[in-house]
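Participant: Give me the fold of what follows.
(chains A and B)
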There are 2 protein chains.
Amino acid sequence: MTSCRVDFESLGVRAECADGVLLSEVAHKAGIGLVSTCSGLGLCGRCRVQVIAGAVSPLTEAEREWLSATELADGYRLACQTRVLGDIKVHVPASSLLVAQRLQLVGEEIEVAFEPVVEECLVALSPASMDDPRPDWARLVEGLESTYRRRVTTADLMALRRLSPILREGGWQARVSIRGEEIVDVRPLNRGPLGLAVDLGTTKIAAHLVDMETGDTLAAEGIMNPQIAYGEDVISRISCAMESGGGKLRQVVIEGLNELIEKLCPEPERIVEATLVGNTAMHHLFLGLPVRQLGLAPYLPAVKASLDVKARDLGLCIAPGAYVHLLPNVAGFIGADHVAMILATGIYKTDKTVVGLDIGTNTEVVLAHGGEMRTTSCASGPAFEARHIKHGMLAASGAVEKVKILDSAVEFQTVNGAPPIGLCGSGIVDALAELHRIGLINRRGRLGDGPRIRQVGNTREFVLVSGEGSKTGQDITITQKDISEIQLAKAAIRTGIEALLDEAEIAWEQVEKVILAGAFGTYIDPASAVGIGMFPALPLERFKQVGNAAGMGAKLALISKLQRTNAGEIARRVRYLELMTHPNFPMQFARAMYFPAE
Amino acid sequence: MTSCRVDFESLGVRAECADGVLLSEVAHKAGIGLVSTCSGLGLCGRCRVQVIAGAVSPLTEAEREWLSATELADGYRLACQTRVLGDIKVHVPASSLLVAQRLQLVGEEIEVAFEPVVEECLVALSPASMDDPRPDWARLVEGLESTYRRRVTTADLMALRRLSPILREGGWQARVSIRGEEIVDVRPLNRGPLGLAVDLGTTKIAAHLVDMETGDTLAAEGIMNPQIAYGEDVISRISCAMESGGGKLRQVVIEGLNELIEKLCPEPERIVEATLVGNTAMHHLFLGLPVRQLGLAPYLPAVKASLDVKARDLGLCIAPGAYVHLLPNVAGFIGADHVAMILATGIYKTDKTVVGLDIGTNTEVVLAHGGEMRTTSCASGPAFEARHIKHGMLAASGAVEKVKILDSAVEFQTVNGAPPIGLCGSGIVDALAELHRIGLINRRGRLGDGPRIRQVGNTREFVLVSGEGSKTGQDITITQKDISEIQLAKAAIRTGIEALLDEAEIAWEQVEKVILAGAFGTYIDPASAVGIGMFPALPLERFKQVGNAAGMGAKLALISKLQRTNAGEIARRVRYLELMTHPNFPMQFARAMYFPAE
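Facilitator: So this is what the prediction gives:
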């Protein structure tokens, strides 16, 4: 037997092998991870390499099927079909290399190995005959065992129902999606697996569609949570469910999700796994768990452990055998979305002192310090989402998102530069910080006298944009009541953080990083947040805005078993502080209502 | 500490214990199995014993709740609540003793330890409070661990939805039904667990309702399989499903089963586990598995392994988290009903040479010889169920079930002694055996000339009951065509048995026992079966008629884990012989059509 040298040019790797060895084996032994989902059966066509020089075995039928005429002319081959017959030079294109997933959070990048809980196997079985009368199921089990050393013991009934026709129509070739020892789905070869990561917020539902062979995000979409019709915040949703049963609330959110799935994906039956995060109330309402005990002291979840539930039991229209994995909750008011945020931001493994906030109708705060994590929940209300604000609106075209006030002149910026219609959350925070800076709002939050300020009945308002400048022809104003709403919201958050600092017996100055997650956390100007006293005057570089970290956490759990384990560990490690029973709460809250002193 | 002597009078057992020890512990250490499902918490009230003499601790609240005034006056106590305070004498009533289940098959009795796959645990948890804010699920998991050393890791979603309200309404006490590591159901204390064992026959569906705390059968019911409207035998059902999809066939059988369940049980939501046996086609149609490949060579099942499927995925209205366990199939035409028959009759563990038959539209035959089991399936058709017989009818009131012919006089017996309406299966076999015995039917099956025989067109018939004697006023006759139908049916069975004997290279004389199962097998007169040549003239004491052994096998698998394991072993061990491909089949079949020579 001659020895051949294989030169993987672009990678700078050289290997030796015996004459006649498969190129895929040579690559594997040399530590080069080639993409492949068929264990070298020639069924997936993914391990493409370019043979630049040297003798290799002739083209196989599988290669003629998978490679285009141009590719064949350029020397492209499937590594699993090509035997080395002499010294050769090979180029491995980047698309054929297994790479760790890089996930982008604004300002942060995490590297996660793609190792999802659902594995995809492509099989080619020997056909049934009088001489080989094994049932289709036994044939599949034995095929997986012999090709992949993969043990399966059970199949979802809906997958089992499809097995025989798919095998027969596909010439005894098929794809199977395996979870633990269960086959959850069977599909024809040309239908790859997809995954879905959902962040089920009180206000918005955001979802990512993921290629479950690579971990790539294929699409992202968001919709309003249709439960809003039954109450804007968690408490009112719980009340509604307590009065009239949670069935209706569950139904509308499932309908909403199915609509979202349809938007994301023309073939939702290819989605073989989903992950979902949300606060504890959203989690319970989604599952149809009772929420009565969540709404009454001691505010207990029915369950906080992670759960795996068949999608069809929930009414979700994805692969009928797929599971939805729900990340664990921490407490009645600290849900899986917070766990997902801690996961995605890496707060759980920091040795620094870090505060993380996911600002929403309910704001969850975590403090990592000295290797410990403490968390609490603040009822910050909808003001930061510009609801309950007179001229508040979503951050849509025409929303004032940035404000500067110079003497009596107002400079502002709107979303898309469109004529102003109203104010979104970051706009109103900016405006209040500016009004306070120039002295038109005192420490208690009262509007004083000044240009653009007018009396309306027994209250006052500040005219941010006059009717001539607005799209509607109406003045866009900030009322005394708007200011109070924002004061309540920012006080809730500040009080939550201070309670955690108290518990850990540290001062604000020791906080090395403040991570702002969530839509509002991304768009708010940290300087303005400091300006209204939501945070003390920490150096601005300590603030990091990371976007939808909860949704990113859901995606991490979708593509990585290890990240699911990490999420479980976070839920166990984090210590929950109940704010309302904290003795200093009323005083701290009252103090936090004030605007900062100069 | 004083030592006390406890005298369990009726059992002849004496034990010593320290002063103050619980009577339940004393009994346990003395090897006396007391019924209890609450691990001594005083929640189930089952460990009743009568203290005849001696000093014991005062009555507890639990005892006052569980025991009637008369029982208290008679010295009845709960063993788990009563501490021994001196030498005592105790009577243990039979109802408080754990006993193995004795199952009656006609002529056979099996003893099976009650050890179902679903275990029942009664729990009393500590209430939720601000100081103990564990979620309900964690509280339950930890309670099961501490009281029963029972690990659970998951709960069915529907059980989880009920957990919080049931715990709160029941003062933190509840029953949970556990399967493996999954909680499949949660119920209030006063709702004990039930089980369902189903024999899904091509013609009839029979079911037993079982108390899942004792293994006792509470009720049994049967209905016709409503799929009959879509074809009388397995082949026509498969054809129907191939033409129009199996959905309709599945739907009607599920509806039929739900009707049957409603008849059996006023609270079907207490049924926490079901087992089901049927032939492979019934099994596939019930599950909604495709049957196309069952109907075409090489006649493969989609799956033959045992399966556990959520009842709700099938549409069965029992506890929403319950599983249906389907016993394993052997081959396309040897289903789980045959496995269940082999299980219930103990054929799988015999060291004798035994033939077992489950006679029906399809007749399955097993031959045990030299520690090996061979099986085959015969298309015996519906003639033995008296269908396709001119005056055939079910074995209902007025059906002729026994016949003797003396010269030209006919003596007969009808079901319930009612005036005759028609013939059931055993009646027609009797009649043919008699007609052959007295020479009115020759070996080929032709009716000769004689009294009561008349020509009708170009065929003949025998008048069994004349119009004056029948309820309908019409003659009840046996036609030449009826004889042919029975000849085909009995030839199919005889050929099946002979093929197995050939394979095992043994002769009829070596068969030590012939077990006849199924309704027809129970009612047929073995002498008549020999008389028409279904069997050769073996001594009659070798025939055993055992009733619905398949149904009994389903019950065994319901109440015993070990029996499920045995069923799996049977399905693996049994060797299937395909009759149609057997080279001697046509000749053997032709020979078996003959009536026996004198």
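
Participant: Tell me the gap between the biggest helix by length in chain A and the middle of its chain.
Facilitator: When chain A is parsed with DSSP state H, its longest helix is helix A:480-504. Here helix A:480-504 is found 26 Å from its chain centre; the criterion is CA atoms, centre = their mean, to the nearest Å.

Participant: got it, and stretch A:226-236?
Facilitator: With CA atoms, centre = their mean, you get 22 Å for stretch A:226-236.

Participant: go on, stretch A:469-487?
Facilitator: Between the centre of stretch A:469-487 and the centre of its chain there are 33 Å (CA atoms, centre = their mean).

Participant: Also stretch A:146-155?
Facilitator: 31 Å.

Participant: Likewise for stretch A:116-132?
Facilitator: With CA atoms, centre = their mean, you get 34 Å for stretch A:116-132.

Participant: near chain B, which residues of the stretch 1-150 of chain A?
Facilitator: Taking CB under 8 Å from any CB of the partner chain, the part of the stretch 1-150 of chain A that reaches chain B is made up of A:128-130, A:133-138. C-betas here are computed from N, CA, C, even on glycine.

Participant: that older thread, now for the longest helix of chain A, which elements pack on it?
Facilitator: strand A:354-358, strand A:363-369, strand A:372-378, helix A:425-437, strand A:459-465, helix A:585-592 (3 or more CB pairs under 8 Å, 6 or more residues apart in numbering or on different chains; DSSP states H and E).

Participant: Of the ones you listed, which is nearest chain B?
Facilitator: Nearest to chain B, of all the helices and strands packed on helix A:480-504, is strand A:372-378, at 13.5 Å by CB to the nearest CB.

Participant: Which secondary structure element is home to whatever residue of the stretch 101-250 of chain A ends up closest to chain B?
Facilitator: Nearest to chain B, among the residues of the stretch 101-250 of chain A, is A:Trp137, at 3.7 Å (CB to the nearest CB). Here A:Trp137, judged by DSSP states H and E, is contained in helix A:136-148.

Participant: hmm, who's touching the next helix or strand after the longest helix of chain A?
Facilitator: As assigned by DSSP H and E, the chain's next helix or strand after helix A:480-504 is strand A:513-517. Residues outside strand A:513-517 that contact it (CB atoms under 8 Å, 6 or more residues apart in numbering or on different chains): A:341, A:345, A:347, A:352-359, A:522, A:524, A:526, A:535, A:538, A:542-550.

Participant: what do you get if the cut-off is 6 Å, keeping everything else the same?
Facilitator: Defining contact as CB atoms under 6 Å, 6 or more residues apart in numbering or on different chains, one finds that strand A:513-517 is touched by A:341, A:345, A:354-358, A:542-546, A:549.

Participant: Next: stretch A:81-100.
Facilitator: With CB under 6 Å, 6+ apart, stretch A:81-100 has contacts from A:4-10, A:17, A:20-23, A:33-35, A:42, A:47-57, A:60, A:62-63, A:111, A:113.

Participant: Could you do stretch A:336-343 as well?
Facilitator: A:277-279, A:283, A:327-329, A:348, A:358, A:364, A:366, A:517, A:549-550, A:553-554, A:556, A:566-567, A:570-571.

Participant: Out of the residues you listed, name the ones that lie in helices.
Facilitator: A:283, A:549-550, A:553-554, A:556, A:566-567, A:570-571.

Participant: Quick check: residues of the stretch 301-450 of chain A near chain B?
Facilitator: Neighbours of chain B within the stretch 301-450 of chain A, by CB under 6 Å from any CB of the partner chain: A:301-304, A:309, A:313.

Participant: does A:Thr275 have beta-bridge partners, and which?
Facilitator: Beta bridges link A:Thr275 to A:Ala197, A:His325 when assigned by DSSP bridges.

Participant: Contact partners for it?
Facilitator: A:197, A:325, A:554, A:557-558.

Participant: do the same with A:Ala15
Facilitator: Counting by CB under 6 Å, 6+ apart, A:Ala15 makes contact with A:6, A:26, A:30.

Participant: rerun at 10 Å
Facilitator: A:4-8, A:21, A:23, A:25-32, A:84, A:90 (CB atoms under 10 Å, 6 or more residues apart in numbering or on different chains).

Participant: Make sure A:Pro382 is actually in contact with A:Gly201.
Facilitator: No - at 11.9 Å, A:Pro382 does not count as touching A:Gly201 under the criterion of CB atoms under 10 Å.

Participant: any low-confidence regions in the stretch 401-550 of chain A?
Facilitator: Of all residues in the stretch 401-550 of chain A, none has pLDDT under 70.

Participant: and what of the stretch 201-350 of chain A?
Facilitator: In the stretch 201-350 of chain A (pLDDT under 70), no residue qualifies.

Participant: Strands along that one, start to end?
Facilitator: For the stretch 201-350 of chain A, applying DSSP state E, counting those that start in this stretch gives strands covering A:204-211, A:217-224, A:271-278, A:307-310, A:323-326.

Participant: taking those strands together, which one is wrapped up most tightly?
Facilitator: Most buried of the strands of the stretch 201-350 of chain A, by mean neighbour count (mean count of other CB atoms under 10 Å in any protein chain shown): strand A:271-278, with a mean of 29.

Participant: What residues does the stretch 451-598 of chain A have near chain B?
Facilitator: When proximity is defined as CB under 10 Å from any CB of the partner chain, the stretch 451-598 of chain A approaches chain B at A:576, A:578, A:581.

Participant: what's the closest of these to chain B?
Facilitator: Nearest to chain B out of those is A:Thr581 (CB to the nearest CB; 7.0 Å).

Participant: Walk me through the domains of chain A.
Facilitator: Recorded structural domains for chain A (assignment: automatic domain parsing) are A:3-96, A:118-187, A:194-326, A:346-382+A:487-592, A:383-486.

Participant: can you list contacts of stretch A:581-591?
Facilitator: By CB under 10 Å, 6+ apart, the residues outside stretch A:581-591 that reach it are A:297-298, A:376, A:378, A:488, A:491-492, A:494-500, A:502-503, A:533, A:578-580, B:130.

Participant: Kindly provide the whole-number mean pLDDT of that stretch.
Facilitator: Stretch A:581-591 shows a mean pLDDT of 85.

Participant: List the buried residues for that stretch?
Facilitator: Neighbour-count burial for stretch A:581-591 flags A:582, A:585, A:588-589 (criterion: 16 or more other CB atoms under 10 Å in any protein chain shown).

Participant: just stretch A:528-541 next, same as before
Facilitator: For stretch A:528-541, by 16+ other CB under 10 Å, it's A:528-535, A:538.

Participant: export the residues you listed to TSV and tack on secondary structure?
Facilitator: Compiled in TSV, the buried residues of stretch A:528-541 are given as follows (DSSP: H, G, I helix; E, B strand; the rest coil):
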residue	secondary structure
A:Ser528	helix
A:Ala529	helix
A:Val530	helix
A:Gly531	helix
A:Ile532	coil
A:Gly533	coil
A:Met534	coil
A:Phe535	coil
A:Leu538	coil
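
Participant: Go through those residues and say which is closest to A:Gly467.
Facilitator: A:Ser528 (25.7 Å; CB to CB).

Participant: quick one: contacts for that closest one?
Facilitator: Residues in contact with A:Ser528, defined by CB under 10 Å, 6+ apart, are A:402-403, A:426-434, A:436-437, A:534.
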